[in-house]
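S.K.: Quick check, what structure comes out for this input:
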Amino acid sequence: MGRQQRRLSMSQWDVFTSNPLEGNSLAVFSDARGLTDAEMQAIAKEMNLSETTFIFPRDPATESERGVRVRIFTVEEELPFAGHPTLGTAFALRNGSVASEVVLELNVGKVPVRFEQSQGQPIFGEMKQVDPVFGVVHEREAMARATGLNPDDFDPSLPIQTVSTGLSFTVTPLKSLAVIQKICVDVQRATEYLQTTGGKFLYFVTRETVDPAAALHARMFFYNGEDPATGSAAGCTAAWMVAHGVAAPDQRVLIEQGVEMQRPSRIFVRASKHDNRIVNVRVGGNSIEVLRGEVFL
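M.R.: Numbers count the residues shown, from 1 in each chain. Here you go, the predicted model:
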């Protein structure tokens, strides 16, 4: 007899936007029980999106205590945390309900996502990330060598600094929109430099923006491609903004990303300050379902 075919239900969401075909796409598998690590990695490669998430349903008592178990895969590896998959998966889990909060149990721990609804507005979700860990402040000359940029392309008034809220990003402020729009980074060389300094990815930002309502314009390159919205990086950047006076404590500000890819994304961030420590990092936005289907294995 032939092997019995498995049918896996999935949905696809555009995250950090309320408009279909914008933002960052995410594939969500609603019941991944029985899948091996190798199968999940292969499925993520098949989806070929920035990330794919896998939900592992558990009994209600366990989910109430610990959250809904979710694992996150890129096309290359499993991640302990990532922002747009967390937000998009919470929207998928909430779909059809009026829940005010969904709690995910990720490899990095419990991450709550709270929902806000205003009349006539799309539903807004906001995740609380783990408290930031501030790492190395980088020399502009070293970062210039690692990225192929010129030292004077960087914003001299702000530090280049590695920050982690579960996944480490090196927040790299550039001096203008013109510079950020033309950058072409050797990702391999930059990654090799970051590995020696405790970083994982670069997140380029500038205070010049396309949307006057935005506080920062951002771009992120990884795995030889560009990411249209990076919620984990935005959380690190929220902490960095409050630490260095770019945003006030608890001020919700907009980061625009994905503009150069024609996948505009709107990422809303804020962070608190308590006893000179940055805490309560929150990252929010909208998500919209664009596809439902099944994968046959």
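
S.K.: Now do the spatially most central residue of the chain, the pLDDT please.
M.R.: Centroid check for the chain by Cα atoms, centre = their mean gives residue 231 as the closest residue, at 2.5 Å. Residue 231 is assigned a pLDDT of 95 by the prediction.

S.K.: Quick check: pLDDT value at the nearest residue to it once chain neighbours are set aside.
M.R.: Counting by Cβ to Cβ, 6 or more residues apart in numbering, residue 231 lies nearest to residue 83, which is 1.7 Å off, once chain neighbours are set aside. Every residue, glycine included, has its C-beta placed from N, CA and C. At residue 83, the pLDDT value in this model is 92.

S.K.: which residues sit in contact with residue 83?
M.R.: Neighbouring residues of residue 83 by Cβ atoms under 8 Å, 6 or more residues apart in numbering: 127, 129, 229-235, 267, 283.

S.K.: Max pairwise distance over the residues you listed: which two?
M.R.: 129 and 229 (14.9 Å; Cβ to Cβ).

S.K.: So between the two, which is more surrounded?
M.R.: Taking neighbours as other Cβ atoms under 10 Å, residue 129 and residue 229 compare with residue 229 leading, 33 against 27.

S.K.: Quick check: of the contacts of residue 83, which lies closest to residue 243?
M.R.: residue 235 (12.9 Å).

S.K.: Torsion angles phi and psi at the closest one?
M.R.: phi -60, psi -40 (degrees, to the nearest 10).

S.K.: okay, now it: neighbour count?
M.R.: Residues near residue 235, counting by other Cβ under 10 Å, number 31.

S.K.: so where's the stretch 151-297 of the chain uncertain?
M.R.: Across the stretch 151-297 of the chain, residues meeting the criterion (pLDDT under 70) sit at 224.

S.K.: where do the strands sit along it?
M.R.: 160-164, 168-173, 201-206, 216-222, 225-227, 253-257, 265-274, 277-285, 287-296 (DSSP state E, counting those that start in this stretch).
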